[in-house]
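# Need coordinates for the below:
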Amino acid sequence: MPQAVAGTTGIEKLAIDTIKALSMDAVQAANSGHPGTPMALAPFGYVLWTRHLRHDPQSPGWIDRDRFVLSAGHASMFLYSLLYLTGYDLSLEDIRRFRQWGSPTAGHPEYGHAPGVETTTGPLGQGVANTVGMALAERWLANRYNRPGYTVVDHHTYALCSDGDLMEGISHEAAEIAGHQRLGKLIWVFDDNRITIEGSTDLATATDQGKRFEGYGWHTLSVPDGTDLEAIDTALTAARAETERPSLIVMTTTIADGSPNMAGTADTHGAPLGNDEIAATKLNIGYPSLEPFHVDPDALAHWRDRGTRSAAAHEDWTSRMDAYRTAYPELAAELLAGAAGDLPTGWEEGLPDLSDAPATATRNHSGRVLQGAAAAIPTLIGGSADLGGSNKTDISGGGDLLADNPGGRIIHFGVREHAMGALMNGMALHGGLHPFGGTFLIFSDYMRPAIRLAALMQLPVIYVFTHDSIGLGEDGPTHQPVEHLASLRAIPGVLDLRPADGPETVEAWRAALRYRSGPSFLSLTRQTVPLIDRGPGLPSAAGLHRGAYVLREAPSDRADAVIVASGSEVGIALAARDRLVDGGIEARVVSMPSWRLFATQPAEYRREVFPEGVFTVSVEAGSTMGWHRWVGETGTSIGIDRFGASAPFQEIFRRYGVTTEAVCEAVRDGVR
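The predicted structure follows:
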């Protein structure tokens, strides 16, 4: 039998049933969606949003609001109902147009589409992992900006997670970090409805999630009846009172609660109930109308009143912030600027001049640039997936960010690339921080879902990817990226940056920190690369900001061939050019550190760099996929379209034909 809303009558029951009705009707109208989970969660949503959540429907971006993430994004009508009912800028017509073209009520909640949606949730596990980054950001900002008598950062982060969220491996990585960091203002509520798409969860799992999270160091609670408002309230109150550990509330619910014939079945997970069952459900729960999308005026007034009451917390914060701004004007300005995503005035002056830096790996150059940037940008924080020494991502004097040192700037993500990417997204979504994270380029595979979501949400996070080719040498093909540059370049909105030497590395960091439309990655070498001669009259590394630029012109005004390269292979291209010129072939060298930046340049500039009709050769120690976009159908691409090998890098480059000789031969063949 479906559960009743325990001990609830009158306006509270009507308010809860309105979520159920809207969810059923919207999914039915779209003939697509997940009605069962929103119906089961309606009592929880009522308690959280009317008794605990500090938010302001009229100011969704208020800095010190509580964050609520529906990690079970398939239950999106649950969130859309709450947003509409409490008074966010989301209309009943938007609900009617659920999952339709141009509607803010997308199939899964999408950041930036509807007010009040804190992150894009779809791939299960990503949302809960984002909340760990949000909670980490809250604690860091509170440590930096709060002062005795002036508390301006003090809020909780909530997530609603499903069986699927907790089955995905990223939940383990993220929950383990949260427990280790003792994030006491993080609260996950597990909707234990025992149903997945294929049927009962018994088909795939028997994990005791409470015990699992106790092992991570979490505070765990249980709500045996997800319709018992007072039990839900008591659990949330206890979770908020726990300040030393994150909390997991295991809440037992019945999917499609209220449906007389389908409650508790997998059929309600991912398909409409059907008009007949919707009518039967509305009659069963005593809903006042069978008309689709009916919202009782008293219920709406009740919800809107609760939304207005919650906004009082914002008013109180505004008063405190005004006093804080008077007492600590510089800190207040820094906090507000960071929340807006702005960098400090003059931050670029902190970047080092590497024009005379000795030849070394670009990862080493990057480490030096990071120190200068971090000194100028106090909110630049990050770390590595247990590879800080290799990635050169440790901030000198920054301190380890740990529970006992909440103001540290070095995050030890552990061997958890997947969680690292998602936590970085959460920190960026929270606002106030500029996060970065490092690993070997090969292990970007482990964090690809988070990279894709960062691009989808246009989050300005920075990835420091080192060991970027077969140039890492003896570790062999398991550690040597081949297809990774092509793969990452294929993600819309990702800024690719593969610098060739120290000066280009400085400009790569400058470009990454300036880029606000999505994530950036720096592709950096393990092996030493030569310093490119940039003497008087020669092109500056600032050409990087155009994506590709002429690094060495042909001796005369006419080029017989163009050699284009990125990163460590630029040195090979320059050596080949000198040899070709000595042999009577006029060759131009183009450094191309960023395909994305070059693609945004005017067509006239792109033709200047790659003149039409001039034979072009590309050289990059990775997959040749995509290079014909730049070299043309008649051009040649030198690269690696098979896996690497274990040997010293010089030997691998020679064996795989990524050499000066190979470039010269390709040019000679092309210009004959």
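# which residues touch the nearest residue to Asp400 once chain neighbours are set aside?
Counting by C-beta to C-beta, 6 or more residues apart in numbering, Asp400 lies nearest to Gly408, which is 4.7 Å off, once chain neighbours are set aside. Where you see a C-beta, it was placed from the backbone N, CA and C, and this is true even at glycine. For Gly408, the contact set (C-beta atoms under 8 Å, 6 or more residues apart in numbering) comprises 398-402.
# Check Pro344 too.
By C-beta under 8 Å, 6+ apart, the neighbours of Pro344 are 334, 337, 376-378.
# returning to what we had before: which helix or which strand is home to the residue nearest to Asp400?
If you go by DSSP states H and E, Gly408 is not part of any helix or strand.
# one step back: now flag whichever of the contacts of Gly408 is closest to Val609.
Gly398 (39.3 Å; C-beta to C-beta).
# And for the residue nearest to that closest one when sequence neighbours are not counted, the neighbour number?
In this structure, Gly398 finds its nearest non-sequential neighbour in Arg409, 3.4 Å apart by C-beta to C-beta, 6+ apart. The number of residues packed near Arg409 is 22, by other C-beta atoms under 10 Å.
# any idea which element the nearest residue to Phe615 once chain neighbours are set aside lies in?
The shortest distance from Phe615 to any non-neighbouring residue, by C-beta to C-beta, 6+ apart, is to Gly670 (4.0 Å). Under the criterion of DSSP H and E, Gly670 resides in helix 660-671.
# Residues touching that helix, excluding its own?
560-561, 563, 572-573, 575-576, 579-580, 583, 585, 587, 615, 617, 619, 634-636, 638.
# Need the pLDDT of the closest residue to His434 other than its chain neighbours.
By the measure of C-beta to C-beta, 6+ apart, the closest residue to His434 outside its immediate chain neighbours is Leu380, 4.7 Å from it. At Leu380, the model reports a pLDDT of 98.
# Would you check that Leu380 makes contact with Ala374?
Yes. Using C-beta atoms under 8 Å, Leu380 makes contact with Ala374 at a distance of 5.0 Å.
# Mutual contacts of the two, please.
395, 409.
# Excluding residues flanking it in the chain, which one is nearest Ala490?
Gly626 (7.7 Å).
# Can you report how many residues lie near that neighbour?
Other residues near Gly626 come to 16 when the count uses other C-beta under 10 Å.
# How about Trp188?
By the criterion of other C-beta under 10 Å, Trp188 has 30 neighbours.
# any idea how far the residue nearest to Phe615 is from Ala403?
Using C-beta to C-beta, to the nearest Å, Gly670 is found at 60 Å from Ala403.
# higher neighbour count, these two?
Between Gly670 and Ala403, counted using other C-beta under 10 Å, the more crowded position is Gly670 (18 against 15).
# Just the pLDDT for that one.
On pLDDT, Gly670 comes in at 96.
# how close does it sit to Ala299?
Counting by C-beta to C-beta - Gly670 and Ala299 are separated by 73 Å.
# Thr528 and Ala361 touch, don't they?
Yes. Look at Thr528 against Ala361 with C-beta under 8 Å: they come within range, at 5.6 Å.
# More neighbours: which of the two?
Ala361 (22 against 15).
# Which residue is the nearest non-sequential neighbour of that one?
Looking at Ala361 with C-beta to C-beta, 6+ apart, the closest residue is Thr525, at 4.8 Å.
# show me the contacts for the one you found.
With contact set as C-beta under 8 Å, 6+ apart, Thr525 has these partners: 361-363, 466-469, 471, 567-568.
# Doesn't Met251 belong to a strand?
Yes. Assessed by DSSP: H, G, I helix; E, B strand; the rest coil, Met251 belongs to a strand.
# Run a quick neighbour tally on it.
By other C-beta under 10 Å, 26 other residues sit near Met251.
# Spatially nearest residue to it, not counting backbone neighbours?
Leaving aside its chain neighbours, Met251 sits nearest to Val223 (4.3 Å; criterion: C-beta to C-beta, 6+ apart).
# what's around the one you found, how many residues?
Neighbours of Val223 under the rule other C-beta under 10 Å: 23.
# From what I see, it and Leu236 are in contact.
No. Val223 lies out of contact with Leu236 (C-beta under 8 Å); the separation is 9.2 Å.
# what touches both of these two?
Ile249.
# Which positions within stretch 400-415 qualify as buried?
For stretch 400-415, burial by neighbour count (16 or more other C-beta atoms under 10 Å) applies to 401, 406, 408-414.
# which ones among those residues are found in strands?
410-412 (DSSP state E).
# can you list these in JSON lines and add pLDDT and distance to Ala256?
Formatted as JSON lines, these follow (pLDDT from 0 to 100; distance: C-beta to C-beta, whole Å):
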{"residue": "Ile410", "pLDDT": "98", "distance to Ala256": "47"}
{"residue": "Ile411", "pLDDT": "98", "distance to Ala256": "41"}
{"residue": "His412", "pLDDT": "98", "distance to Ala256": "43"}
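# can you list the domains in this protein?
10-118+139-146+155-312, 347-523, 544-671 (automatic domain parsing).
# Quick one: those as CSV, columns for distance to Thr326 too.
Shown next, in CSV, are these (distance: least, C-beta to C-beta, whole Å):
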stretch, distance to Thr326
domain 10-118+139-146+155-312, 15
domain 347-523, 21
domain 544-671, 40
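# Please name whichever of the ones you listed is nearest to Gln126.
Using C-beta to C-beta, the nearest of the domains of the chain to Gln126 is domain 347-523, at 5.5 Å.
# Compute the first-to-last residue distance for the closest one.
Using C-alpha to C-alpha, to the nearest Å, the end-to-end distance of domain 347-523 comes to 23 Å.
# Tell me the predicted confidence for the spatially closest residue to Pro60 that is not a sequence neighbour.
For Pro60, ignoring the flanking residues on the chain, the nearest one in space by C-beta to C-beta, 6+ apart is Pro115 at 4.2 Å. Predicted confidence (pLDDT) for Pro115: 98.
# how near is Pro115 to Arg147?
31 Å.
# The two: which has the busier surroundings?
Per other C-beta under 10 Å, whichever of Pro115 and Arg147 has more neighbours is Pro115, with 15 against 11.
# Assess the claim that the more buried one and Ser91 are in contact.
No. The pair Pro115 / Ser91 is not scored as a contact, 11.4 Å apart, by C-beta under 8 Å.
# residue ranges with poor pLDDT in this structure?
Along the chain, segments meeting pLDDT under 70 span 1-8.
# my read: Trp627 touches Ile638, true?
No. Trp627 is beyond contact range of Ile638, at 9.0 Å (criterion: C-beta under 8 Å).
# tell me, what's touching the two both at once?
Listed as contacting both Trp627 and Ile638 by C-beta under 8 Å, 6+ apart are 618, 620.
# Strands of the stretch 351-500 of the chain, start to end?
380-384, 410-412, 434-440, 462-466, 495-497 (DSSP state E, counting those that start in this stretch).
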